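**Q** Predicted model and sequence follow; I will ask about them next.
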There are 2 protein chains.
Amino acid sequence: MSKLRLKISMSLDGYVAGPDQSLENPLGVGGMRLHEWVLPLAAWRGEHGMEGGEVNESTAVVEESVRNLGATIMGRNMFGGHPGPWDAKKPWSGWWGAKPPFHHPVFVLTHHARPPLAMEGGTTFTFVTDGIESALRKARAAAGGKDISLAGGAKAAQQYLKAGLVDQMEIHVAPTLLGAGERLFDGVGDDLHGLRLVRTVAAPDVTHLKFAR
Amino acid sequence: MSKLRLKISMSLDGYVAGPDQSLENPLGVGGMRLHEWVLPLAAWRGEHGMEGGEVNESTAVVEESVRNLGATIMGRNMFGGHPGPWDAKKPWSGWWGAKPPFHHPVFVLTHHARPPLAMEGGTTFTFVTDGIESALRKARAAAGGKDISLAGGAKAAQQYLKAGLVDQMEIHVAPTLLGAGERLFDGVGDDLHGLRLVRTVAAPDVTHLKFAR
């Protein structure tokens, strides 16, 4: 069966977003420090339509993380825009411009219903209002046997982790402190539901920890 | 100058002790899971007077962590026993029996004065009531040019980290969740005071992250 795979960058003190998230600062104060390791990589730049970049120990991890994916699940906060009901006149269409880098169906967890949104390049955002298990069923049906990426943010990850629905997780530990913000494991409890550390990759400015059942 | 070196085991969700610490369960509920990686090692067993054991990728890390140390600093909670004033009739003398594994001067941060306590094997516990900087000065004077181990627990580590007095830190990340307890970085803020990740060691059931200036 297709796997649900969480990948997320986390600070040494456990945060996946800084405090005071806003439209101007979607990752919160200091949150960009979690992603400094990925931005110079050719593998990441290529995914986002840019040329050039570095090749290092993180390259294979990033390449693996986008391989064999047929669908993505994300929380409303990661899709972004604003809290509460969608703006009827000018509905938010994501952070990623006209051609988002997913190129497959994306399921957004939200309390506010909305018709699907088809973008260029094969990305369609479908808004799911009946919970994480429904979103996972829809994503699995759409993925055509491939795996499903759980893209975050914190609250979406916490719900799937707590329910024991995550089959693989890759945590990119950034060697920095945020001191406040959203913690990946808040409220998850002490049960990893059989996920075990299966690989550690030491790379410049990041340590990749892969967990699988 | 001699370095202040913190070494501590931390869960994936950031805890260095579980909840509900007690005399019977000094590491708190689940806290022993943080240390499962070290107990089978010949390097650890030898330090504690036992023969045999394993050699693996953690061995060099453990051996390095006890090399060139001339003194240790720890918090009252790690020295243990009970909170508040010392029992005058039967004063607590530590968790480690008659011959503790330090074999050098140990400085215990406490609010309650007490005469020094000399144990077998070269360990003397000195109780410091005037704060972390005083304890560091005393430890440095006693260490004779060697380094000083900051042994924990969480509150002692937090105070030295926040003050920017830690010169090296080795965090043993255990791939497990505790869900509650004492977090290493609570209240430390977002400043590592120049500590940077300088080495990652992948080992069975643990990832060692070494930070230095």
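**A** Cool, the structure landed.
**Q** Chain A against chain B: which residues are in contact?
**A** Contact residues, chain A versus chain B (C-beta under 8 Å from any C-beta of the partner chain): A:12-14, A:30, A:171, A:173, A:175-180, A:183-185, A:188-192, A:196-197, A:199-202, A:205, A:207, A:209, A:211. Every C-beta, even on glycine, is put in place using the N, C-alpha and C of the backbone.
**Q** buried residues in stretch A:185-199?
**A** A:185, A:188, A:190, A:192, A:195, A:197 (16 or more other C-beta atoms under 10 Å in any protein chain shown).
**Q** Over to stretch A:158-177?
**A** A:158-162, A:166-177.
**Q** And stretch A:114-133, by the same measure?
**A** A:114, A:117, A:119, A:123-128, A:132.
**Q** from the middle of its chain, how far away would it be?
**A** 15 Å (C-alpha atoms, centre = their mean, to the nearest Å).
**Q** Show me what it is in contact with.
**A** Here stretch A:114-133 makes contact (C-beta atoms under 8 Å, 6 or more residues apart in numbering or on different chains) with A:73, A:79, A:86, A:91, A:93-94, A:96, A:98-113, A:134-135, A:138, A:156, A:159-160, A:163, A:165.
**Q** Try it again at 7 Å.
**A** Applying C-beta atoms under 7 Å, 6 or more residues apart in numbering or on different chains, the external contacts of stretch A:114-133 come out as A:86, A:91, A:93-94, A:98-100, A:102-111, A:113, A:134-135, A:138, A:159-160, A:163.
**Q** So among those, which ones count as buried?
**A** Counted by 16+ other C-beta under 10 Å, those give A:86, A:94, A:100, A:102-110, A:135, A:138, A:159-160 as buried.
**Q** Go through those residues and name the one nearest chain B.
**A** residue A:160 (14.4 Å; C-beta to the nearest C-beta).
**Q** Test my guess that that closest one contacts residue A:149.
**A** No: contact criterion C-beta atoms under 7 Å: residue A:160 and residue A:149 do not qualify, at 11.6 Å.
**Q** and stretch A:110-128, how far apart are its ends?
**A** 6 Å (C-alpha to C-alpha, to the nearest Å).
**Q** typed the wrong thing, it's stretch A:90-106
**A** Terminal-residue distance, stretch A:90-106 (C-alpha to C-alpha): 20 Å.
**Q** which residues sit against that stretch?
**A** A:26, A:47-48, A:69-72, A:74, A:79-82, A:86, A:114, A:117, A:119-126, A:142.
**Q** how close does the residue most central in space within chain A get to residue A:27?
**A** Taking C-alpha atoms, centre = their mean, the centroid of chain A lies closest to residue A:151, which sits 1.7 Å from it. Distance, residue A:151 to residue A:27, by C-beta to C-beta, to the nearest Å: 13 Å.
**Q** Need the phi and psi values for residue A:206.
**A** Main-chain torsions, residue A:206, degrees, to the nearest 10: phi -170, psi 150.
**Q** what's the answer for residue A:77, then?
**A** According to degrees, to the nearest 10, residue A:77 has phi -70, psi -30.
**Q** What pLDDT does the model give it?
**A** Residue A:77 is assigned 90 on the pLDDT scale.
**Q** residues near it, how many?
**A** 20 (other C-beta atoms under 10 Å in any protein chain shown).
**Q** what's the closest non-adjacent residue to it?
**A** Spatially, and ignoring its direct neighbours in sequence, residue A:77 is nearest to residue A:153 (5.0 Å; C-beta to C-beta, 6 or more residues apart in numbering or on different chains).
**Q** Assess the claim that the one you found and residue A:79 are in contact.
**A** No: contact between residue A:153 and residue A:79 fails when scored by C-beta under 7 Å: they sit 9.4 Å apart.
**Q** what's the distance between the residue sitting furthest away from the middle of chain A and chain B?
**A** Ranked by distance from the centre of chain A (C-alpha atoms, centre = their mean), the top residue is residue A:89, with 27.8 Å. Counting by C-beta to the nearest C-beta, to the nearest Å, the separation of residue A:89 from chain B is 39 Å.
**Q** and if you look at residue A:81?
**A** 27 Å.
**Q** Then residue A:142 would be within a strand, right?
**A** No: using DSSP: H, G, I helix; E, B strand; the rest coil, the secondary structure at residue A:142 is helix, not a strand.
**Q** Check the burial of residue A:12 by counting its neighbours.
**A** Neighbours of residue A:12 using other C-beta under 10 Å come to 24.
**Q** And it, how close does it get to residue A:61?
**A** From residue A:12 to residue A:61 the distance is 18 Å (C-beta to C-beta).
**Q** And for residue A:107?
**A** 24 Å.
**Q** likewise residue A:105?
**A** Using C-beta to C-beta, one obtains 24 Å as the distance from residue A:105 to residue A:61.
**Q** Could you do residue A:35 as well?
**A** 14 Å.
**Q** Compare these two and say which is more crowded by neighbours.
**A** More crowded of residue A:35 and residue A:61, by other C-beta under 10 Å: residue A:61, with 21 against 14.
**Q** Doesn't that one belong to a strand?
**A** No: assigned with three-state DSSP, residue A:61 falls outside any strand and is helix.
**Q** What is the burial count for the residue nearest to it when sequence neighbours are not counted?
**A** Nearest non-adjacent residue to residue A:61, counting by C-beta to C-beta, 6+ apart: residue A:208, 4.8 Å away. When neighbours are defined as other C-beta under 10 Å, residue A:208 has 26 of them.
**Q** doesn't residue A:59 make contact with residue A:208?
**A** No: using C-beta under 7 Å, residue A:208 is not in contact with residue A:59; the gap is 11.1 Å.
**Q** Only C-alpha atoms, please: export stretch A:131-139 in CSV.
**A** Output of stretch A:131-139 as CSV, limited to C-alpha atoms (Å, rounded to 0.1, in the frame of the first residue of the first chain):
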residue,chain,number,x,y,z
GLY,A,131,-10.9,15.3,9.0
ILE,A,132,-7.5,13.7,8.6
GLU,A,133,-8.7,10.1,7.8
SER,A,134,-10.9,11.3,5.0
ALA,A,135,-8.0,13.4,3.6
LEU,A,136,-5.8,10.3,3.7
ARG,A,137,-8.4,8.2,1.9
LYS,A,138,-8.8,10.8,-0.8
ALA,A,139,-5.1,11.3,-1.2
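**Q** State the mean pLDDT of it.
**A** Mean predicted lDDT for stretch A:131-139 stands at 98.
**Q** With stretch A:6-17 instead?
**A** pLDDT averaged over stretch A:6-17 gives 97.
**Q** Over to stretch A:94-103?
**A** The model assigns stretch A:94-103 a mean pLDDT of 92.
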